[in-house]
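Enquirer: could you look at this predicted model? Sequence included:
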Amino acid sequence: MRNLSSLTTIGNWWRWILVLTLHWLALPAVQAAEYRPLPPSAKNGLSSDWLIYNSARNRLTLYLPGYHAPAHAYYQWVNMRPGRSLPITFVARQDECLFLDNQLIFTSRAAASYTVDLTDFLPATAPAGPHLLCVWHPDAIPNLSSFSNATPEVATASGRPVSSAQKVQPRPRSHQGQTVFISFLLLIGLLYGGLRASYQPGFARIYQFEQLWRRSNAEPDFLVKPTITWLNILLVLIFSLSFALLLVAIHTNIQSIVILRRLFAVPESAIVLRVLLYTGLVAAFVLGKYLFLELMGYIFDVTPLVVVQYREFIRTILFMGLFLPLVMLLYLGLNRTLPETVLWVSNGVVSLLLLGTVFRIARTLHRRVSLLNLHLFSYLCATEVIPLIILLKIIIFTY
């Protein structure tokens, strides 16, 4: 019995030794499988890998355009060394800021293209290695695709190096989509000219000043003729194209809408695709409003007013749509020198289009049935005023 007990004790000891040995051998594998954040990789200048701040984890994470929502601040680790030039070029909106290691180094005074040497803002005692670059704008989304590495040597005509204060100046540069916008404007002009030559009587019924601001009680021809015709459909498509150009060129913040970004993931650099997308959305809104009016007319029991209201809506937007190409010409000519003026003019024209449409519809309906009736006034608010407020919020009052 004593020998059997000794053998059992020896077996237990060997079993514990075997377990500890296996645990010691498996320990490096467990440590290797443990997740640890990777250090910032060394980059020669800027790259396309931008970071955003994750407040929940208090860390910077890789920004994925199709996954993360657009932000106002983007970060990037840039490998720098004091005394070695590192110029970058980018297109900035007004009041866009650059930070280096959480220190403000640059603020754009106007919307233009800039060239900045990051090494000029690096202290002489700063260590060589990765430094954190931040791009931030208080109201808009920075154009990350415009950031790139510039030539190492920036020289004047005399061959002497340019100082840091001179480098951070706007340099003339054409808009990224200037050729696209000019091509679409030529197409719009050709379409308007072709329709005017082919359908002159129908074209004149819409684009007449005396008919738009008439004071007589006689009904104009457009409110009596059928609305869904080939001429009206083509004019709606031209208006949608003109409005889409304005949205892409000036009112670019509508791409921050979460629903629009989730349904149509179009990159900012694809200007032609964005113009076509916005053209389809505007045309679908204009043509689909008739179904909305039919539904609201059935709910409010004012179905006889739906056709007249929709015809007045089509006639007003088609007439005021003639001024949209003029705003685009103003944008192409003065955007680099007077960007704020162009923005104010664009906002004024779009606001006048939206407000004028609601005013004309209310005036036309009031000629048939008095809008002093609370029931009809509620119908007008549901079909015109509330959509007007939503459109003003999306287009005019930018984020």
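Expert: Good, I have the coordinates. These figures come from a predicted structure and were not determined experimentally. Numbering: from 1, shown residues only.
Enquirer: for Val307, give me its contacts.
Expert: The contact partners of Val307, by Cβ atoms under 8 Å, 6 or more residues apart in numbering, come to Thr227. The way it works is simple: take the backbone N, C-alpha and C, and place the C-beta from them, glycine included.
Enquirer: what mean pLDDT does stretch 285-293 get?
Expert: Averaging pLDDT along stretch 285-293 gives 93.
Enquirer: phi first, then psi, for Pro127.
Expert: phi -70, psi 150 (degrees, to the nearest 10).
Enquirer: pLDDT at it, what is it?
Expert: 80.
Enquirer: which other helices and strands does the helix or strand harbouring Phe181 contact?
Expert: Here Phe181 sits within helix 178-198, counting by DSSP states H and E. If you count contacts as 3 or more Cβ pairs under 8 Å, 6 or more residues apart in numbering; DSSP states H and E, helix 178-198 packs onto helix 230-249, helix 271-300, helix 324-334.
Enquirer: now the strands for this protein?
Expert: 51-54, 59-62, 73-80, 87-92, 97-100, 103-107, 112-117, 129-136, 148-149 (DSSP state E).
Enquirer: distance check, the residue nearest to Leu392 when sequence neighbours are not counted against Gln103.
Expert: Nearest non-adjacent residue to Leu392, counting by Cβ to Cβ, 6 or more residues apart in numbering: Leu354, 6.4 Å away. Distance of Leu354 to Gln103, given as Cβ to Cβ, to the nearest Å: 44 Å.
Enquirer: so if I had to pick from those two, which one is more boxed in?
Expert: Per other Cβ atoms under 10 Å, whichever of Leu354 and Gln103 has more neighbours is Leu354, with 20 against 12.
Enquirer: in this structure the more buried one contacts Ile389, no?
Expert: No - taking contacts as Cβ atoms under 8 Å, Leu354 lies outside contact range of Ile389: 9.6 Å.
Enquirer: could you count how many residues lie near the residue nearest to Tyr192 when sequence neighbours are not counted?
Expert: Distance criterion Cβ to Cβ, 6+ apart; nearest residue to Tyr192, sequence neighbours excluded, is Ile238 at 6.5 Å. Ile238: 22 surrounding residues under other Cβ under 10 Å.
Enquirer: what residues does Ile238 make contact with?
Expert: Applying Cβ under 8 Å, 6+ apart, we find Ile238 in contact with Ile188, Leu191, Tyr192, Leu195, Gly321.
Enquirer: closest to Trp230 among those residues?
Expert: Closest approach to Trp230 among the contacts of Ile238 (Cβ to Cβ): Leu195, at 9.8 Å.
Enquirer: surely the closest one and Ile206 touch.
Expert: No - the pair Leu195 / Ile206 is not scored as a contact, 10.2 Å apart, by Cβ under 8 Å.
Enquirer: which one of these two has more residues nearby?
Expert: Ile206 (22 against 17).
Enquirer: nearest residue to that one other than its sequence neighbours?
Expert: With Cβ to Cβ, 6+ apart as the criterion, Ile206 has its nearest non-adjacent residue at 5.3 Å, and that residue is Leu318.
Enquirer: gap between that neighbour and His251?
Expert: For Leu318 relative to His251 (Cβ to Cβ), the value is 20 Å.
Enquirer: please apply the same query to Thr227.
Expert: Distance from Thr227 to His251, by Cβ to Cβ: 28 Å.
Enquirer: so which of these two has more stuff around it?
Expert: His251 (19 against 16).
Enquirer: list the contacts of that one.
Expert: By Cβ under 8 Å, 6+ apart, His251 lies in contact with Ser346, Val350, Ile395, Ile396, Thr398.
Enquirer: what of Leu330?
Expert: Counting by Cβ under 8 Å, 6+ apart, Leu330 touches Val342, Val345.
Enquirer: same thing but at 10 Å, please
Expert: Neighbouring residues of Leu330 by Cβ atoms under 10 Å, 6 or more residues apart in numbering: Leu338, Thr341, Val342, Val345, Ser346, Val349.
Enquirer: and the second one, how many neighbours?
Expert: Going back to what we said before, that points to Thr341. Neighbourhood size, Thr341 [other Cβ under 10 Å]: 12.
Enquirer: make 19 the first number, not 1, from now on.
Expert: Right, with 19 as the first residue, what we last looked at is Thr359.
Enquirer: identify the residues contacting the closest residue to it other than its chain neighbours.
Expert: Distance criterion Cβ to Cβ, 6+ apart; nearest residue to Thr359, sequence neighbours excluded, is Leu352 at 6.5 Å. For Leu352, the contacting residues are Thr359, Val360, Val363, by Cβ under 10 Å, 6+ apart.
Enquirer: and the residues you listed, which is closest to Pro343?
Expert: The nearest one, if we look at the contacts of Leu352 relative to Pro343 and count by Cβ to Cβ, is Val363, at 13.2 Å.
Enquirer: so Ala301 versus Leu204, what's the distance?
Expert: For Ala301 relative to Leu204 (Cβ to Cβ), the value is 20 Å.
Enquirer: I misspoke; the intended subject was Pro141.
Expert: Pro141 is 53 Å from Leu204, by Cβ to Cβ.
Enquirer: try Asn365
Expert: Distance from Asn365 to Leu204, by Cβ to Cβ: 25 Å.
Enquirer: between these two, which is the more surrounded one?
Expert: The neighbour comparison of Asn365 against Leu204 (other Cβ under 10 Å) goes to Asn365, with 18 against 10.
Enquirer: local confidence estimate at that one?
Expert: Model confidence at Asn365, given as pLDDT, is 87.
Enquirer: relative to Ile414, how far out is it?
Expert: The value you get for Asn365 to Ile414, if Cβ to Cβ is used, is 5 Å.
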